[in-house]
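Q: give me coordinates for this.
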Amino acid sequence: MGRDSNSRWIRRFLLTAAVGLALLSAGCGGSGSSASNTSSGQTASSGQLPPSSNSSGQFTTFSTNGSVNFNNEFFKSLGTNGRTCVSCHQPNDGWTIIPSHVQARFSSSNGTDPVFTPNDGSTCPTDDVSTISAKQTAYNLLLNKGLIRIARPVPASADFTLQSVDDPYSCTSASNIAMFRRPLPATNLKFETTIMWDERENVTPQLFDNLKSQAEDATLTHAQSNGPPTDAQLTSIVNFELALFTAQSTDSAAGSLTDSGGKGGAQNLSQQAFTPGANSFFGAGFNPNVFTLYNSWSNLSGSDSVTQARLSIARGQAIFNNRLITIDGVAGLNDVAGQVTIMGSCSTCHATPNVGAFPVDNPMNIGTADTNRRTPDLPLYIFKCNAGGQFQVSDPGFALTTGKCADIAKFKVPGLRDLAARAPFFHDGGAATLLDVVNFYDNRFQIHLTTQEKTDLVNFLNAL
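A: Next up, the predicted model:
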């Protein structure tokens, strides 16, 4: 983001901070925090940003660095188009972007905010952006679903070919496959094993180096820099990101998520142990009880609304962990004997303890890019496999990284903390609400959830 836009963003942040502090002084929210303006730049002291509101309550970000320094390279323009990392990873949006706030940025800037850049913000780099009306059309997917355009070629060694395209924007070819995806949150990265939806930044076995590669490529492509950032700049960005932890802190119905033994909130999340590969479905000792945040709430008694809300969250956690599902046809998830139909639960794939990512690098295809889910505002691609068969998908996903037909439409399993702050969901924003997410899984795997069970699951997911 350019200097003027960055200043506007900081003013918005300070306004939010002031509101958050007022709420805290009135007894709302979790632990206190303060914002200060120092000579080294904007910071939030005590390691925790003031609470931000979402449809389900409030969430917070905690930094293990001891402060959130808004003078970090994460907030600086390192390219040529005025963008910074925060252009698409906003703290008040759960460190991604959400459509309502993107629309507000469009309105306040008449579409000149640096997030509205044709290289990847519009449906095609050649879109007409000469007028406000033209910009609204060009940036339709960004404005309404928070989607950024990614363009990648079919690898030269691929064992599949692009057979045909139905592209509403006439902006794709085998050397320029257009995909529209949600920016992943730049927080809770300690728990990541797959970098980017299609794993294209898994360039080394080391998370730190992969995140540096991601930051470099983002600066070169999204920010259109004339050259790569320095190693010191990349290291500064990654150190900043790895220290961030974001989670829901209060629920509008259940109150504080750390009361009565609850283990919600960003500071508790920052203390969560994690070892890559631990609790993987593929390894020994897999434990389906992935989430233990609200174990103490399952034994609460009382008829008041707060207690009932907490009991609902605890029931949703139990459903997530232990409700048996026939998991079939998920490319990328086979048991040790190679069976493609297994009995599991939500926690089988979302297995990272108290986070819900997958603890090993293993993209999966659950059908989110299938032709029956494609909407008219997204392309449809038909890929022909050299060994026979074809895929009709709106996004080839992991296959453009590996060149393997078997990897078409596979995507990373994202972490689930701070969900309430960052709708819409799935890689393409295809689920507007968490109820839509639950309904997708209920239909996809024929779980036959009751209305109450769906409500409990949504309440639990909102409390993450």
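
Q: contacts only, for the residue nearest to His448 when sequence neighbours are not counted.
A: The spatially closest residue to His448, leaving aside those adjacent along the chain, is Asp442, at 7.3 Å (Cβ to Cβ, 6 or more residues apart in numbering). From N, CA and C alone the C-beta is placed, and that goes for glycine too. Asp442 makes contact with His448, Leu449, Lys454, according to Cβ atoms under 8 Å, 6 or more residues apart in numbering.

Q: what helix or strand is Asp442 on?
A: Taking DSSP states H and E as the criterion, the element that holds Asp442 is helix 434-444.

Q: next helix or strand past that helix?
A: Toward the C-terminal end, the helix or strand that comes next after helix 434-444 (DSSP H and E) is helix 451-462.

Q: so what angle separates the directions of that next one and helix 434-444?
A: With axes from the mean of the first three to the mean of the last three Cα atoms, to 10 degrees defining the directions, helix 451-462 sits at 120 degrees from helix 434-444.

Q: check which helices and strands helix 451-462 sits against.
A: Counting contacts by 3 or more Cβ pairs under 8 Å, 6 or more residues apart in numbering; DSSP states H and E, helix 451-462 is packed against strand 244-251, helix 305-322, helix 434-444.

Q: so which elements touch the first one?
A: The one in question is strand 244-251. With contacts defined as 3+ Cβ pairs under 8 Å, 6+ apart, the secondary structure elements packing on strand 244-251 are strand 57-63, helix 266-270, helix 451-462.

Q: how does it look with 7 Å?
A: When contacts are defined as 3 or more Cβ pairs under 7 Å, 6 or more residues apart in numbering; DSSP states H and E, strand 244-251 sits against strand 57-63, helix 266-270.

Q: next: the second one.
A: Packed against helix 305-322, as judged by 3+ Cβ pairs under 7 Å, 6+ apart, are the following elements: helix 346-349, helix 451-462.

Q: other residues contacting the longest one?
A: In other words, helix 451-462. In this structure, residues lying in contact with helix 451-462 by Cβ atoms under 7 Å, 6 or more residues apart in numbering are 56, 248, 251, 309, 312-313, 315-317, 319-320, 416, 419-420, 434-435, 438.

Q: now those residues: which count as buried?
A: By neighbour count, with 16 or more other Cβ atoms under 10 Å, the contacts of helix 451-462 hold 56, 248, 251, 309, 312-313, 315-317, 319-320, 416, 419-420, 434, 438 as buried.

Q: got the domain ranges for the protein?
A: Each structural domain of the chain that the record assigns through automatic domain parsing is listed here as a residue range: 3-148+184-245, 246-368+411-462.

Q: pLDDT below threshold where in the chain?
A: Residues of the chain that meet the criterion pLDDT under 70 lie in 1-45, 334-339.

Q: how about 80 then?
A: 1-46, 334-340 (pLDDT under 80).

Q: count of residues packed around Thr126?
A: Using other Cβ atoms under 10 Å as the criterion, Thr126 is surrounded by 12 other residues.

Q: tell me, what residue is most central in the chain?
A: Centroid check for the chain by Cα atoms, centre = their mean gives Leu184 as the closest residue, at 3.7 Å.
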